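Undergrad: sequence and predicted structure below; questions after.
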Amino acid sequence: MRRREFVRLLALAAAAGATLRPGASEAESAHELYDLPAFGNLRLLHVTDAHAQLLPVHFREPSVNIGDGHPPHLVGEALLRHFSIHEARAAHAFTHLDFEAAARRYGATGGFAHLATLIKRLRAGATESVLLDGGDSWQGSATALWTEGRDMIGAQKLLGVDYMTAHWEFTYGAERVNAALKELAPIGFLAQNVRTVDFEDPVFAPYALRGPLAVIGQAFPYTPVAHPRHRFPDWSFGIQEARLQRLVDEVRGKGAKAVVLLSHNGMDVDLKLAARVRGLDAILGGHTHDGVPAPIRVGSTLVTNAGSDGKFVGVLDLEVGPAGVRGHRYRLLPVFSKLLPPDGEMAAYVERARAPYAVRLGERLAVTEGMLYRRGNFNGSFDELILQALLAEKSAEIALSPGFRWGPTLLPGDAIDVEALMAQTAITYPYVTSSELSGAEIKTVLEDIADNLFNPDPYLQQGGDMVRVAGMSYAIEPRAAIGRRISDLRVAGEPMQAARRYKVAGWAPVREDVSGEPVWDVVARHLRSRKTIAPIAPHQPRLIGVDGNPGLSAT
């Protein structure tokens, strides 16, 4: 589908009342999208990376996701062609194309009240169902931070989650996680790859058996690398491939006929893992926020990833017999809040959970005249806004901001209130730093982070997206060897000097001995002083050697 064809479909959809089928009502559209034909005897429902978004939001999919040219590294028109998506509403859900116009037409996605309606609908149409949460549920909003995830635990329980695994949940610290497990019951918390550092005893249940189904949990393997290690000093992580294989064999020996991995590895890691561990029927993955419309088959294993921010529900229907899985059907369903009425019980819970913080959340800081978004390998416009605030408020020459993938999108004309700002910054180590780094040190930092993102071995991809930068520019060759990807570094248009020291502002330090002003205070001060934020064009590095890559969109 070319961009002009997408625009044509969008116009036709608008003329037809934004439905799936010309002439259909919203109720008929919901029926076509969400009433799935019965198949098999076991329905697995999968949500992941909600990042504490209790209300419907807009979330722009990336226009840059450079990789090997195969899913999940497809964006825009390349993704639509690969998965034969021709319907405008679905094209909006899975791509960034004409995002503002389509977002205004089709409305926000997600929201736990709408999600609850869909989950109940999907469970009603199944013989047996299990709801799985892939983690990153307790972090990403002001209320989740202020309640240490309690608001989200209540929502998970009301939603009917059966099992979950974790990643950002660990950033609250070991003591809080252990206490949260008691609040979480009866939801099972599964993580086979988390062990004590002394005797390698399991910290959490590695798996759960439910009838013919075994669910094995896989927490984010690089939690101690990506986050402050001192918050969980007695726990080790890692991929733990050999241990996973032993567990698969163990549950098969106990009679499991269907074995799935509830994973927070990231999809590239899951694809490699599927080729090396035998006996997994499916990997239901998270972490990389990839909305992939259909599973990728690796041998006999189906590998999926279900997006983020409550935007999608993965539905894997299995036909399970005495000899194992005999067939499957999969759909990744976008959660369009306009098509799904809010569930009354969940809506009431969300209102109660937010009520103590409503005034604080609603403080208006500024208005944006352009679209603000984050997701993508390099700078997004909301990242640019944070960077501008760091440069201005800290009188720095260069600003660095983490390559986080979470954070909803604001449309032109939207207010930037405290809630919107916290949805981009709500972490437990939010401190703003100011330091002097040499040009050589800055290049080393960029090279290290680039390797986390572009190392050809997925098991060595340990981070998020590329660090966001302002006050400087650089070129990057993603396919080059480690240490040779970054070049042509410049500050204020002049070549960066290796020996010269530059004043650098940043935030989210992982060292234990760092404190300072929270980043949201710095950005809020900047926004209050400006009132109106003009459209921001994200600065991108000069890319080398990626011409024609389907993970790079020209629109």
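TA: It's in. Keep in mind that this is a model prediction, so the values were computed, not measured. Numbering: from 1, shown residues only.

Undergrad: next, count neighbours for Glu200.
TA: 11 (other C-beta atoms under 10 Å). For glycine as for every other residue, the C-beta is placed from the backbone atoms N, C-alpha and C.

Undergrad: which ones are touching Phe336?
TA: Contact analysis of Phe336 by C-beta atoms under 8 Å, 6 or more residues apart in numbering lists 33, 89, 93, 106-107, 109, 114.

Undergrad: hmm, try it at 10 Å
TA: 18, 20, 26, 29-30, 33-34, 56, 89, 92-93, 106-110, 114, 118, 311 (C-beta atoms under 10 Å, 6 or more residues apart in numbering).

Undergrad: of those, grab the buried ones for ChimeraX.
TA: Buried residues among the contacts of Phe336 (16 or more other C-beta atoms under 10 Å), as a ChimeraX selection:
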select :18,20,26,29,30,33,34,56,89,92,93,106,108,109,110,114,118,311
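
Undergrad: hang on, Ala78 in a helix?
TA: Yes - Ala78 sits within a helix when classified using DSSP: H, G, I helix; E, B strand; the rest coil.

Undergrad: in contact with the nearest residue to it once chain neighbours are set aside, which residues?
TA: Once flanking residues are discounted, Ala78 sits nearest to Pro550: 3.5 Å by C-beta to C-beta, 6 or more residues apart in numbering. Residues near Pro550 by C-beta under 10 Å, 6+ apart: 65-71, 73-79, 81-82.

Undergrad: again, only using 6 Å
TA: Applying C-beta atoms under 6 Å, 6 or more residues apart in numbering to Pro550 gives the contacts 69, 74, 78.

Undergrad: then Asp234?
TA: Residues in contact with Asp234, defined by C-beta under 6 Å, 6+ apart, are 196-197.

Undergrad: what's in contact with the longest helix seen in the chain?
TA: If you go by DSSP state H, the chain has its longest helix at helix 439-454. By C-beta under 6 Å, 6+ apart, the surrounding residues in contact with helix 439-454 are 461-463, 466-467, 478, 482-483, 485-486, 496-498, 500.

Undergrad: adding neighbour count and pLDDT, write those out as JSON lines.
TA: Compiled in JSON lines, the contacts of helix 439-454 are given as follows (neighbours: other C-beta atoms under 10 Å; pLDDT from 0 to 100):
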{"residue": "Gln461", "neighbour count": "21", "pLDDT": "90"}
{"residue": "Gln462", "neighbour count": "18", "pLDDT": "83"}
{"residue": "Gly463", "neighbour count": "19", "pLDDT": "74"}
{"residue": "Met466", "neighbour count": "24", "pLDDT": "97"}
{"residue": "Val467", "neighbour count": "21", "pLDDT": "97"}
{"residue": "Pro478", "neighbour count": "22", "pLDDT": "97"}
{"residue": "Ile482", "neighbour count": "13", "pLDDT": "92"}
{"residue": "Gly483", "neighbour count": "12", "pLDDT": "94"}
{"residue": "Arg485", "neighbour count": "23", "pLDDT": "98"}
{"residue": "Ile486", "neighbour count": "21", "pLDDT": "98"}
{"residue": "Met496", "neighbour count": "20", "pLDDT": "98"}
{"residue": "Gln497", "neighbour count": "13", "pLDDT": "98"}
{"residue": "Ala498", "neighbour count": "12", "pLDDT": "98"}
{"residue": "Arg500", "neighbour count": "12", "pLDDT": "98"}
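
Undergrad: just the ones of those in strands?
TA: Per DSSP state E, strands hold the following members of the contacts of helix 439-454: Ile486.

Undergrad: now the residue nearest the centre of the chain, nearest residue through space, not along the chain?
TA: Per C-alpha atoms, centre = their mean, the C-alpha nearest to the average position across the chain is that of His289, at 3.4 Å. Distances taken as C-beta to C-beta, 6+ apart place Ser308 nearest to His289, at 4.0 Å, with adjacent residues excluded.

Undergrad: mind checking how far the spatially most distant residue from the centre of the chain is from Glu169?
TA: What lies farthest from the middle of the chain is Ala499; by C-alpha atoms, centre = their mean that is 37.7 Å. For Ala499, the distance to Glu169 (C-beta to C-beta, to the nearest Å) stands at 43 Å.

Undergrad: ok, now Val335?
TA: For Val335, the distance to Glu169 equals 22 Å [C-beta to C-beta].

Undergrad: now Thr368
TA: Separation of Thr368 from Glu169 (C-beta to C-beta): 30 Å.

Undergrad: of those two, who's got more company?
TA: Neighbour count, other C-beta under 10 Å: between Thr368 and Glu169, Glu169 has more, with 28 against 23.

Undergrad: ok, the more buried one - contacts?
TA: When contacts are counted by C-beta under 6 Å, 6+ apart, Glu169 touches Trp138.

Undergrad: mind checking the SS state of it?
TA: Going by three-state DSSP: Glu169 is helix.

Undergrad: that one and Leu181, how far apart?
TA: Glu169 is 10 Å from Leu181, by C-beta to C-beta.

Undergrad: again with Val514
TA: Distance, Val514 to Leu181, using C-beta to C-beta: 29 Å.

Undergrad: now Ser553: closest residue in space that isn't a chain neighbour?
TA: Leaving out its chain neighbours, the residue that sits closest to Ser553 by C-beta to C-beta, 6+ apart is Gly76, at 3.8 Å.

Undergrad: next, count neighbours for the one you found.
TA: By the measure other C-beta under 10 Å, the count of residues near Gly76 is 26.

Undergrad: could you check the pLDDT of it?
TA: Note on Gly76: pLDDT of 97.

Undergrad: the helices in the stretch 351-500 of the chain, which residues?
TA: Read by DSSP state H, counting those that start in this stretch, the stretch 351-500 of the chain holds these helices, from start to end of the chain: 358-361, 381-394, 418-425, 439-454.

Undergrad: out of the ones you listed, nearest to Pro221?
TA: helix 439-454 (12.6 Å; C-beta to C-beta).

Undergrad: tell me which element the residue nearest to the centre of the chain falls in.
TA: Applying DSSP states H and E as the criterion places His289 outside every helix and strand.

Undergrad: going forward, count from 196.
TA: Shifting the count to begin at 196 puts that one at His484.

Undergrad: give the contact list for it.
TA: Residues near His484 by C-beta under 6 Å, 6+ apart: 244, 503, 600.

Undergrad: can I get stretch 521-541 as CSV, trimmed to CA atoms?
TA: Written as CSV, here are the backbone C-alpha positions of stretch 521-541 (Å, rounded to 0.1, in the frame of the first residue of the first chain):
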residue,chain,number,x,y,z
ARG,A,521,-2.9,-29.5,16.4
GLY,A,522,-3.8,-26.1,15.1
HIS,A,523,-3.9,-22.4,15.8
ARG,A,524,-5.4,-19.1,14.8
TYR,A,525,-4.0,-15.7,15.8
ARG,A,526,-5.3,-12.1,15.7
LEU,A,527,-3.7,-9.0,17.1
LEU,A,528,-6.7,-6.8,17.8
PRO,A,529,-6.4,-3.0,18.1
VAL,A,530,-8.4,-1.7,21.1
PHE,A,531,-10.4,1.2,19.5
SER,A,532,-12.1,3.0,22.3
LYS,A,533,-14.8,4.4,19.9
LEU,A,534,-15.8,0.8,19.0
LEU,A,535,-15.9,-0.6,22.6
PRO,A,536,-18.1,0.8,25.3
PRO,A,537,-16.4,1.2,28.6
ASP,A,538,-17.0,-1.5,31.2
GLY,A,539,-18.8,0.0,34.0
GLU,A,540,-17.0,-1.7,36.9
MET,A,541,-13.6,-1.0,35.5
